[in-house]
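*Asks:* please find the sequence and the predicted model below.
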There are 4 protein chains.
Amino acid sequence: MIIVLKNGTTKQEAENFSNILTEKYGVQVNAWHGAMSTVLGLLGDTHKVDIESIGAYELVESVKRVQEPYKKVNRAFHPNNTVIELENGIKIGDGSLNIIAGPCSVESEAQIIQVAKAVKESGATLLRGGAFKPRTSPYAFQGLHADGIELLLKAKKETGLPIVTEIMSAEHIDLFKDVDIIQVGARNMQNFELLKSLGKLDKPILLKRGLANTIEETLMSAEYIMSEGNEKVILCERGIRTFETYTRNTLDVSAVAIFKKLSHLPVIVDPSHAAGIPWLVEPLSISSLGVGADALIIEVHNDPPHALSDGAQSLTPDRFDMIAKRIFAAKSALDSALK
Amino acid sequence: MIIVLKNGTTKQEAENFSNILTEKYGVQVNAWHGAMSTVLGLLGDTHKVDIESIGAYELVESVKRVQEPYKKVNRAFHPNNTVIELENGIKIGDGSLNIIAGPCSVESEAQIIQVAKAVKESGATLLRGGAFKPRTSPYAFQGLHADGIELLLKAKKETGLPIVTEIMSAEHIDLFKDVDIIQVGARNMQNFELLKSLGKLDKPILLKRGLANTIEETLMSAEYIMSEGNEKVILCERGIRTFETYTRNTLDVSAVAIFKKLSHLPVIVDPSHAAGIPWLVEPLSISSLGVGADALIIEVHNDPPHALSDGAQSLTPDRFDMIAKRIFAAKSALDSALK
Amino acid sequence: MIIVLKNGTTKQEAENFSNILTEKYGVQVNAWHGAMSTVLGLLGDTHKVDIESIGAYELVESVKRVQEPYKKVNRAFHPNNTVIELENGIKIGDGSLNIIAGPCSVESEAQIIQVAKAVKESGATLLRGGAFKPRTSPYAFQGLHADGIELLLKAKKETGLPIVTEIMSAEHIDLFKDVDIIQVGARNMQNFELLKSLGKLDKPILLKRGLANTIEETLMSAEYIMSEGNEKVILCERGIRTFETYTRNTLDVSAVAIFKKLSHLPVIVDPSHAAGIPWLVEPLSISSLGVGADALIIEVHNDPPHALSDGAQSLTPDRFDMIAKRIFAAKSALDSALK
Amino acid sequence: MIIVLKNGTTKQEAENFSNILTEKYGVQVNAWHGAMSTVLGLLGDTHKVDIESIGAYELVESVKRVQEPYKKVNRAFHPNNTVIELENGIKIGDGSLNIIAGPCSVESEAQIIQVAKAVKESGATLLRGGAFKPRTSPYAFQGLHADGIELLLKAKKETGLPIVTEIMSAEHIDLFKDVDIIQVGARNMQNFELLKSLGKLDKPILLKRGLANTIEETLMSAEYIMSEGNEKVILCERGIRTFETYTRNTLDVSAVAIFKKLSHLPVIVDPSHAAGIPWLVEPLSISSLGVGADALIIEVHNDPPHALSDGAQSLTPDRFDMIAKRIFAAKSALDSALK
């Protein structure tokens, strides 16, 4: 960490301040006195040094980190890719491509089983479906809750597909004990109490990037989960909020490549929610392969217009079948061409 | 609600679709057939009609709301200002100005009592202090939790100032039973499970706008609380995330005036967190008076550099005293000039 | 165009207003009277109707376009792809992939010829190089101007590669008479006087999307050029400004697919400027293939650290050679897999 | 300037690099070798050192400026406020408040003279009106050009109000010789060729912040003008582009206070364009006083609904009269209360 002191700071003031830092954080401090300003360099383990607290000292002009503030997530300390293995042998993060498909909301047994069978047929390897639904309006359908999870488990039994579903509160954790992957939605990415609770489980967590969260903040939220002991974290890019209004959000493909470089965690992409436009699912999926996505999470609904939530971006099973074939073909082609 | 159908939709298709809408949502549908497109108008109570679900129909080009999607929050249905009264007679929303002041985190009994006395002396009418702290890093100080609330209550007993403090999970609600105003932080503005739990209380809720949430989404989150029965909601503008990097966030003063127009709820401004720069607290506070802020929430710390969190934007009691005097003077002056 | 009138508007007022619209814009107006509001639908050619002027009428609640405001650019009126042919037979927009490569700034004859030869060897089909450089600071290197264009033309003579270079003012148009493609930079995307001047030429214009311009605004700027008679416009996605700070800008791959759908113009991607990070050029290039990019524009410099501008995102010829091979391999693979 | 070198850089490499920097930029370089990284500090005049060029060196991890990159604009080198004096004795930047009012577009002699008289009556001290109009659509009204300027000059003769009008291309400079203040619009804020041309004049330039330009970039554009010799620059905050859609743009009041702190130039606010909503003009104007605005630029039209451009945000003279009175009253009140 580098601290630039204000113009006019005396050597004595700089020295006193260095002593405070050493005492408070156990770091070594080197000073470098320039003509216009004095610069301090902190040595040692600075990841617990609070950058804002440092900035509060009157004599501090600005502060700059040199080390990343995350450790468990950091590829520097864990060079190999983390691979998440599920009970049926599926691996996420090993270089293969998984497609997680299913409806936005679980609505009925018939619906979820029909969709599950269809997406499995088309090559999907995991089933998604919402039982707890975060909705902007209190008057919109909020999901079937415990019943929704029951239906997902029935669909799992029927098809063998592991299931992914979203949690909205730590109070519901018991309901998720048979869920294969627990999803944390974009709106809860910085619900730190929830993250800490999930960090105590031994179960994969799919962590969606928040609508307006930086790459670093996303990695810090993963660090929350990992620092509690659960190292099975999967990152998910799902579009960020920008000024553009044609798409619901702006898919940030660069973030996928950067997550893969800075961390060792698997990274998946949600092209359905990013754009909110069904015809964009195919091009955005193929685009995501180019930046190294380990999996795609795609909304598929047997009857989009009657879907109780988020119908606008979901596909029919027929259309999904065509698209999934093309995505897998693109994956194989790129793997051969780029190996 | 107005629905534009795709170019090429037949009259028969439009009619079938209208029948579906009538059946599903109990609304009347009027069709208007243009040369290039057909437009449907929905009559009746459309606030439960799911705009995304409508958009999913193949024949729909686009959908536009005419009515606002919120009801309880809406000034149209509740023309008078909501005024929140606290036990010591303080009113928020009646045209007066309240200043809520205190440290980012409660750190010790000595600290919170000293700050409470100082800010009361300077004219603050409520005390704020964090017991549960949402921090980006799991390694940063997370607050004193229940002990922090105890210390706040001691400071309240000592000074008579009602207290405002942040909740991070519905599981902690019992700890907040003697808190005067419960704050929902920006990161939890769309933690809908938490909002629903708070909606069951009979206690004022200070709802901070999310970093990247629109004005409408903020009002919808207030609607979540109110739709459960708790009508004591206070909105708070605290800066939004933009491309600008000089300030931590960009204070959106327009939002304050718009919240006041669209809703009947009191609106407060947090100039400390918006900018993250102590010298901006005064100008942003006075600026907020110009758009009708009912209260300001300002961080004050007895010893900023040693603050365990967010020290960078907090003020010493001495500096706060000067600033508070100027803010109250500006308030009186504006009230006289503009009455 | 659909106009929602304010609650409380009388039938007579609505009728008077309809008459004004008919008279002013020559459109037909249909009225539909609901319980809460009256809606007007405008028929006929509404692309010249000024949406803001309509919104200024006291009785107007809101306005919504049904037709796109662009015509010449619109795929609806020009279903086939526009293909730009250059003198040496290169085609942009015909389904093939072109790579436009070269240094950010032209610095010397030796430099530009060396880079031109190298990139041609690696498969690039056009040469780029800046002679007029838009720089944030007046103290930064501003380009060699006319001399820079001379050097590009020498490199073209030497290698046969057509050249692409940026114009910053209509006053310089004469200097660009032998340039193959004139580039309009992101900062000048809404320099409408410049666009109108370029619209009078018979020469391809590469129009970069502005840092904070929407997809629709970009298409409207292309419309400016085309409405003056020059139909040879190439759109370029180069990243938009968002809150993320890890990358210089956020590459919006969705925009590429959307430009291809809404318009018939060729679309290229600039992965170098979007991210500002050399190692991201390869993944972002391959990602761009997935959304249908017709060409890539990549910065290559013989000596990045000594580059006089924008060195941070450019590649050495050796690295470019490796990357170009992989990009072309990916293009062939995807073309075979997805045909 | 501080340069952090990559982990693993040897002392010899750091030394070689330091020598290159000294040779290239004439700066002194101090090295500080930490356990994990080496940090270089550059001494001397670094404002011409190109931060991107430094970042291009393989061994560089990151670069951080300590000094601001602007000089002429910088309050550090020019502590007193710049005050712009106009021929009729009006001063901008001396602590008084000026209101610049008038229509978006000049449409006819009758219109501009009528508006000029009305706004003068209400206390406006300058007249604004667009002759060259930057419009998103080529089909929208583009202004009366030279004729528009003639009409403004007639209105000036009639009322004595100095005039402010926008320039869109350096080619038109001659037409502006009798204009009192030349405005550079938000879309041209980084039209550097135009800025350089205006820098050669001896006439005040009103520079509007770009839609998506940072505070620092705005100051750098002012530096472009000043570095050519014209020191009469007025900065204008007019709203930035964010994710919020209720307002056209988000007025960034913090920027006003920051411009005043970092530079010595007068700062004005455009509440009309920022929000695009007439009823917000008053609260945003008063809000702007709180952050130190030297002037306000407000759109006033004798007949908003028939305005040929931007009618949505303009006011009638009657409404302006009421608002102007309240703004001046607020200004006096705040001046007394805060002196």
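*Replies:* Nice, I can see it. Numbers count the residues shown, from 1 in each chain, chains lettered A, B, ... in the order given.

*Asks:* quick one: contacts for residue A:69?
*Replies:* For residue A:69, the set of contacting residues under the criterion of Cβ atoms under 8 Å, 6 or more residues apart in numbering or on different chains consists of A:47, A:216, A:220, B:137, B:139. For every residue, glycine as well, the C-beta is placed using N, CA and C.

*Asks:* gap between the fourth one and chain C?
*Replies:* According to Cβ to the nearest Cβ, to the nearest Å, residue B:137 stands 17 Å off from chain C.

*Asks:* before we move on, what about the second one?
*Replies:* In this structure, residue A:216 and chain C are 7 Å apart, going by Cβ to the nearest Cβ.

*Asks:* just the last one next, same as before
*Replies:* Using Cβ to the nearest Cβ, we find residue B:139 at a distance of 21 Å from chain C.

*Asks:* what's the burial count for that residue?
*Replies:* By other Cβ atoms under 10 Å in any protein chain shown, the residues close to residue B:139 number 18.

*Asks:* before we move on, what about the fourth one?
*Replies:* Close neighbours of residue B:137, defined as other Cβ under 10 Å, add up to 20.

*Asks:* quick one: it and residue A:222 touch, right?
*Replies:* No. The pair residue B:137 / residue A:222 is not scored as a contact, 11.7 Å apart, by Cβ atoms under 8 Å.

*Asks:* overlap in contacts of these two?
*Replies:* Both residue B:137 and residue A:222 are in contact with residue A:70, where contact means Cβ under 8 Å, 6+ apart.

*Asks:* tell me which two of the contacts of residue A:69 sit farthest apart.
*Replies:* The largest separation in the contacts of residue A:69, counting by Cβ to Cβ, is between A:216 and B:139 at 13.9 Å.

*Asks:* and the helix or strand of chain A with the lowest mean pLDDT, anywhere near chain B?
*Replies:* Each helix and strand of chain A was given a mean pLDDT (mean pLDDT, DSSP states H and E); the minimum falls on helix A:51-55 at a mean of 77. Yes. Applying Cβ under 8 Å from any Cβ of the partner chain, one finds helix A:51-55 touching chain B at A:52-53, A:55.

*Asks:* check the offset of the next helix or strand after that helix from the chain's centre.
*Replies:* Toward the C-terminus, helix A:51-55 is succeeded by strand A:60-64 as the next helix or strand (DSSP states H and E). Using Cα atoms, centre = their mean, to the nearest Å, the mean C-alpha position of strand A:60-64 is found 30 Å from that of the whole chain.

*Asks:* show me which residues of strand A:60-64 are buried.
*Replies:* Taking 16 or more other Cβ atoms under 10 Å in any protein chain shown as the basis for neighbour counts, the residues of strand A:60-64 that come out buried are A:60, A:62-64.

*Asks:* and the contacts of that strand?
*Replies:* Strand A:60-64 is touched from outside by A:1-7, A:37, A:51, A:54-55, D:2, D:4, D:62, D:64, D:66, with contacts defined as Cβ under 8 Å, 6+ apart.

*Asks:* can I have the buried ones of the residues you listed as a ChimeraX selection?
*Replies:* Taking 16+ other Cβ under 10 Å as the burial criterion, the selection of buried members of the contacts of strand A:60-64 in ChimeraX is written as:
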select /A:1,2,3,4,5,37,51,54,55 /D:2,4,62,64,66
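
*Asks:* for chain A, what lies in contact range of chain D?
*Replies:* Proximity of chain A to chain D is assessed by Cβ under 8 Å from any Cβ, with A:2, A:4, A:30, A:32, A:34-37, A:39, A:41, A:43-44, A:61-62, A:64, A:66-67, A:212, A:241-243, A:245 identified as the residues in range.

*Asks:* just the ones of those in strands?
*Replies:* Within these, residues falling in strands by DSSP state E are A:2, A:4, A:30, A:32, A:39, A:41, A:43, A:61-62, A:64.

*Asks:* reformat those residues as a markdown table; add distance to residue B:192.
*Replies:* Supplementary listing: those in a markdown table, determined by distance: Cβ to Cβ, whole Å:
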| residue | distance to residue B:192 |
| --- | --- |
| A:2 | 41 |
| A:4 | 43 |
| A:30 | 49 |
| A:32 | 51 |
| A:39 | 46 |
| A:41 | 45 |
| A:43 | 45 |
| A:61 | 42 |
| A:62 | 38 |
| A:64 | 38 |
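
*Asks:* tell me the two of those that are most distant?
*Replies:* A:43 and A:61 (20.2 Å).

*Asks:* what are the ranges of the strands in the stretch 101-250 of chain A?
*Replies:* Residue ranges of the strands in the stretch 101-250 of chain A, as given by DSSP state E, counting those that start in this stretch, are A:126-128, A:163-167, A:181-184, A:205-208, A:233-237.
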